[in-house]
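K.L.:
3D, please:
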Amino acid sequence: MGNISFLLGAGFSVNQGYPTAYRLAQAITSLQYGDFIVSAAGNVGATPDGKDIWTLGSYKLAKECVLELIKLFEEREPGNFNYEEFYDFLALTEETDFSDAELAILRKYISKDAWYKDLLNLRSDLIKIFTQIVSWKISDGGEDKFYSSNVVTDFSKNKYAGFLELVRHFKSEGKLFNFHTLNHDLFLESLRYTDEFGGEMSDGFTDDTEFYEDSDGYEKKLSKFTDKYPSNIRLFKLHGSFEIIAFRGNGRVTDYIKFPWRTDLTNIKKRKSQGDILDFTNYHSDFLSGTMFKKSRYSEPLYFGVMLDHFGKNLEQCDKLIIIGYGCLDSGINEIIEEKLRAGIPIYVVDPYPSNDVKEFVNKKGAILIVKTPENITLKDFDEK
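P.N.:
Next up is the predicted model:
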């Protein structure tokens, strides 16, 4: 049958209008206080009128603090803000390692009589707010994040014509597809509704009435991660997704759940014979960030560890590895490729503007560099007729 492994990075979604790393950095560093609110529940949302109605509470202070820190980082190296490095700064910096300027900002919001009495609690809310800012700013050209319709636009079909033809060709030959993506967005999932994909795609989540949400007056069934893949086109979200949360029961993570658009994340329940579980957690999408911090989660057993294990095993069995839009900067991902991909397996790297890191990866692995976008690639680029 044959086995094709794909590795998709952020560059794969650029044709659909998703931001490059540079544009995402610009969107984050240009934020003003009135551009968004953080509600009393800790949820970030845009303010169309430029007014923040929340004037009290800890999240107001955390919002001010995170904006000050972003500004400090941008002023240090104008035009070089990296959101993953900033996330590492928030999550991993030891208290003794903060600079004087950073400490001066943080200490403004910590006191015995204030909302934040120590750095630990302030840091937790800074991470929560910044993660939601990143999620908010990663959207396509139409500012969409979720694709609830089963109709793919002509724009998408045209901008991914070469990629879709590649899928059609391999599918006609009965190939097994393993799509591994580092992206948090849901654009690839939307392409399942094209004729080329034919509706096929399994991501390890199974419809399960054990989980539901009913804030709209009716029970909305949610999907649970069961690690089952019934189709020949399989999807592995190595870094998580905007539609995935880690459900906590009795204070610990028990399951990973996928939720549809417009789900009340404060009202997700797990049905049990002794009574439904509702732990009143204010859930947010669970996706990995930080150049170093995300590696610390690669071994988590309920989801991310499973994803990375599949990636390694699929590389061991594949006949081709096709990489699209990956900047080759994730050391953890690179290590798995180095360790698991069999010698002699052809590697194709699709990148219209390859960086020095991409070129170095190509040279090291003896890969074929295809300087095109997913719209322009052809079967001949992959030694196919």
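
K.L.:
from memory His310 sits against Phe236, does it?
P.N.:
Yes. Counting by C-beta atoms under 8 Å, His310 does reach Phe236; the two are 5.2 Å apart. No exception for glycine: its C-beta is placed from N, CA and C like everyone else's.

K.L.:
out of those two, which sits in the busier spot?
P.N.:
Counted by other C-beta atoms under 10 Å, His310 and Phe236 do not tie: Phe236 has more neighbours, with 21 against 18.

K.L.:
element containing the more buried one, please.
P.N.:
Using DSSP states H and E, Phe236 sits within strand 233-237.

K.L.:
What residues of that strand count as buried?
P.N.:
233-237 (16 or more other C-beta atoms under 10 Å).

K.L.:
Between His310 and Phe236, which contacts overlap?
P.N.:
178, 180 (C-beta atoms under 8 Å, 6 or more residues apart in numbering).

K.L.:
same for the lowest-mean-pLDDT helix or strand in the chain, what does it pack against?
P.N.:
Of all helical and strand segments in the chain, the minimum by mean pLDDT, DSSP states H and E falls on strand 268-270, at a mean of 79. Packed against strand 268-270 by the contact rule (3 or more C-beta pairs under 8 Å, 6 or more residues apart in numbering; DSSP states H and E) you find strand 204-213, strand 244-249, strand 252-258.

K.L.:
Adding distance to Thr93, write these out as TSV.
P.N.:
Putting these into TSV (distance: least, C-beta to C-beta, whole Å) gives the following:
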stretch	distance to Thr93
strand 204-213	34
strand 244-249	24
strand 252-258	25
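
K.L.:
Including mean neighbour count and distance to Leu188, could those go into JSON lines?
P.N.:
Output for the helices and strands packed on strand 268-270, formatted as JSON lines (neighbours: other C-beta atoms under 10 Å; distance: least, C-beta to C-beta, whole Å):
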{"stretch": "strand 204-213", "mean neighbour count": "17", "distance to Leu188": "14"}
{"stretch": "strand 244-249", "mean neighbour count": "20", "distance to Leu188": "14"}
{"stretch": "strand 252-258", "mean neighbour count": "18", "distance to Leu188": "14"}
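
K.L.:
could you give the angle of the strand holding Phe236 to strand 252-258?
P.N.:
Between strand 233-237 and strand 252-258, the angle comes out at 140 degrees (axes from the mean of the first three to the mean of the last three C-alpha atoms, to 10 degrees).

K.L.:
Give me the helices and strands touching strand 233-237, please.
P.N.:
Against strand 233-237 (3+ C-beta pairs under 8 Å, 6+ apart) you get strand 176-181, helix 304-317.

K.L.:
Against which helices or strands is the helix or strand following the shortest one packed?
P.N.:
Going back to what we said before, that points to strand 176-181. Next helix or strand after strand 176-181 toward the C-terminus (DSSP H and E): helix 187-190. Helices and strands touching helix 187-190, by 3+ C-beta pairs under 8 Å, 6+ apart: there are none.

K.L.:
Please state the offset of helix 187-190 from the chain centre?
P.N.:
Averaged C-alpha coordinates place helix 187-190 at 13 Å from its chain's average position (C-alpha atoms, centre = their mean, to the nearest Å).

K.L.:
average model confidence for it?
P.N.:
For helix 187-190, mean pLDDT is 93.

K.L.:
cool, stretch 334-345 as well?
P.N.:
Mean predicted lDDT for stretch 334-345 stands at 96.

K.L.:
Kindly report the same for stretch 252-261.
P.N.:
84.

K.L.:
what's in contact with it?
P.N.:
146, 148, 203, 205, 211, 213, 220, 222-225, 241, 243-249, 265, 268, 270, 286, 302-303.

K.L.:
just stretch 241-250 next, same as before
P.N.:
By C-beta under 8 Å, 6+ apart, stretch 241-250 touches 135, 138, 145-146, 184-186, 211, 237, 253-261, 265, 268, 270, 277, 279, 281, 283-287, 302-303.

K.L.:
Buried ones among those?
P.N.:
Taking 16+ other C-beta under 10 Å as the criterion, what is buried in these is 135, 138, 145-146, 184-186, 211, 237, 255-259, 265, 268, 270, 277, 283-287, 303.

K.L.:
picking up where we left off before, wait, which of the helices and strands packed on strand 268-270 is closest to Asp88?
P.N.:
Ranking the helices and strands packed on strand 268-270 by proximity to Asp88 (C-beta to C-beta) places strand 244-249 first, at 20.5 Å.

K.L.:
So what's the model's average confidence on that closest one?
P.N.:
Mean predicted confidence for strand 244-249 is 84.

K.L.:
Adjacent strands (with direction) for that strand?
P.N.:
strand 252-258 (antiparallel) (DSSP bridges).

K.L.:
Could you list the domains of the chain?
P.N.:
Per automatic domain parsing, the structural domains of the chain span 3-18+146-382, 21-137.

K.L.:
With respect to burial, which of the ones you listed scores highest?
P.N.:
domain 3-18+146-382 (a mean of 17; mean count of other C-beta atoms under 10 Å).
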